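Trainee: Pasting a predicted model and its sequence here:
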Amino acid sequence: MDRSEEIGLIEEIIGLAEQKSPFLDAEVTHSPISRYASPERFQREKALIFKREPLSVLRSEELANPNDFVVRDVHGLPVLFVRNDAGEVMAFLNVCRHRGATLERDGQGCKRVFTCPYHGWSWTNRGELRAVPQEKSGFPDLPRAERALRRLPVAERHGFVWVIADPDAATIPEIGPWLGRLDADFHWLDLAGHRIVAEDTVDIKANWKVLVEGGIEAYHFRVAHKATIAPYFPDNLSTYAMFGAHMRSVLPRNTMVDLDRNNTDGWSIRRDANLLYTLMPTTQLLVQQDHVIWIQSTPRSEGLTTMRLVTMAPEGAGQSQDYWQKNHAITMATLMEDFELGEEIQAGFASRGNPSHLFGRFEGALNRFNLLVEERISG
Ligand code: FES
Ligand SMILES: [Fe+2]
C-alpha cells in the first residue's frame, strides 16, 4: 500500500473513534444456517469454489531446491508437488498412471525420478513417463505421452505456491491480477522475503465459513478474548474494504486511537493495527507488527476444517527462535478461543433452534463474504 492509503486507513479509524462509532454497514442481515450444515451444499462449494480458485498450499521455501518434493492432500486430492530439475514448481496427482497405486509414499524428500511401489513404472520430476518394466512384451506401442503424470496448474508468487485443485483445469489465473490491488500490498509487506518460523495444524469441527466469520469482526474481542488480546484493542472498532473477491480488514490497537492527527509523519499502520487479508476462498494473512500469520484452511466436510497456522518472519529479522515461538503461542491461544466458539456454533446447528444467524451493522464484512460465496455457488 502506498503512504496516502496508509494515512487514509488510519484517519478513518481515528475518525470513527472520535465519533464513538463502529464502522457501520447499511443494514442488519440474516445468514441461513443451511449454508453451514448441509453436506449437499458443501459438495457444491467444493465443485464451484475450492476446485476453481487458486489455493495457497505451500511456501516456496518448502520446495527450496531443484528435485525437492512434498506430498499434500489438497481438498481430497493426493498431490505431489515438486521443484523439478530445472527449478520450476509443478504439481501432479500422486497416482500411478498404470493401475493407480500411490506413486510417492513419503511426505517429502528430494528425487529426480519417482518409481511406483507396485510394478515399478517410473516418471521424471517433470511428469514424463521414464521407464516401464517389460514394456516391449507387455505394452507394445504404449502411447507414452498419454501416460504422463496428471498435472495440476500451479504458480509461484509472494513466496507461495498456488494451485488449482482440479486435474481437468488447463490453467491457473495469473496471481497478480487475481489479487488485484492486494498484489501491491503483498509486495509492500515483502511476503516473498518471509520464512516459516513456527507452525501448527489443527482439525476444527466447524464449517470453514464459520471460522472465516470469526476473524473478520472486532465485536467479539472484548468478550471472547478478554483473557488474551482484548486489553490491547479498542472495543468493536475495525474497518474493512473489498478488493474483488478478497477483503482487507484493519483491526486497530489502542495506540492508533491516541495518535496525534496533526503529525502524520510518524504514523505506521503496522505498528498500531493488525491487518487481516481474507482471500477467497481459504487463505488468510494476519499481519502483526513484525511478523505475518498465514492461516490456510482446508475444508474436509460441512462440519470439519483443517487449519494450518504458520508464523512467518522476515528473513534475517534477527529475533531468536524462542521469541517467535512465544509469539506463535499467543496467536494459537487467541485463535483457539475463536475455534472453540466455532465448534460450539457448529454443534448448535443440529438443534435447529436458529433458522438463521444475525449479522449486525458492524458485522457487515460477514455478510459481504457470504454474498461472494453465494454468488459463486449459484453461478
Ligand atoms: S500401479 Fe504403478 S506400476 Fe503398476
Ligand atoms: Fe477472534
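Mentor: In hand now; what should we look at? Since we're looking at a predicted model, the values are computed, not measured. Residues are numbered from 1 along each chain as shown. Ligands and ions are numbered 1, 2, ... in the order given.
Trainee: C-alpha only now, for contacts and for neighbours.
Mentor: OK.
Trainee: Flag every residue of this structure that's near ligand 1.
Mentor: 96, 98-101, 116, 118-121 (CA under 6 Å from any ligand atom).
Trainee: Include neighbour count, pLDDT and secondary structure when you put these into TSV, please.
Mentor: As requested, the residues of the chain next to ligand 1 are exported to TSV (neighbours: other CA atoms under 10 Å; pLDDT from 0 to 100; DSSP: H, G, I helix; E, B strand; the rest coil):
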residue	neighbour count	pLDDT	secondary structure
Cys96	25	98	coil
His98	13	98	coil
Arg99	10	98	coil
Gly100	11	98	coil
Ala101	15	98	coil
Cys116	22	98	coil
Tyr118	13	98	coil
His119	13	98	coil
Gly120	15	98	coil
Trp121	20	98	coil
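Trainee: Give me the helices and strands touching the helix or strand encompassing Leu251, please.
Mentor: Using DSSP states H and E, Leu251 maps to strand 246-252. Contacts defined by 3 or more CA pairs under 8 Å, 6 or more residues apart in numbering; DSSP states H and E place strand 246-252 against strand 239-243, strand 273-279.
Trainee: Alpha carbons of it, in CSV - could you do that?
Mentor: As requested, the backbone C-alpha atoms of strand 246-252 are provided in CSV (Å, rounded to 0.1, in the frame of the first residue of the first chain):
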residue,chain,number,x,y,z
HIS,A,246,-10.9,-10.5,-1.4
MET,A,247,-11.1,-8.4,1.7
ARG,A,248,-8.7,-6.4,3.8
SER,A,249,-9.7,-5.7,7.4
VAL,A,250,-8.0,-3.1,9.7
LEU,A,251,-8.0,-4.0,13.4
PRO,A,252,-6.6,-1.1,15.3
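Trainee: strands paired with it, and their directions?
Mentor: Paired strands of strand 246-252, with direction, are strand 239-243 (antiparallel), strand 273-279 (antiparallel) (DSSP bridges).
Trainee: Quick check: closest non-adjacent residue to Asp185.
Mentor: Leaving out its chain neighbours, the residue that sits closest to Asp185 by CA to CA, 6 or more residues apart in numbering is Met1, at 4.8 Å.
Trainee: Just say helix, strand or coil for Gln325.
Mentor: Here Gln325 is recorded as helix under DSSP: H, G, I helix; E, B strand; the rest coil.
Trainee: Nearest residue to it in space, please, no chain neighbours.
Mentor: Using CA to CA, 6+ apart, the nearest residue to Gln325 is Ala198, at 6.3 Å.
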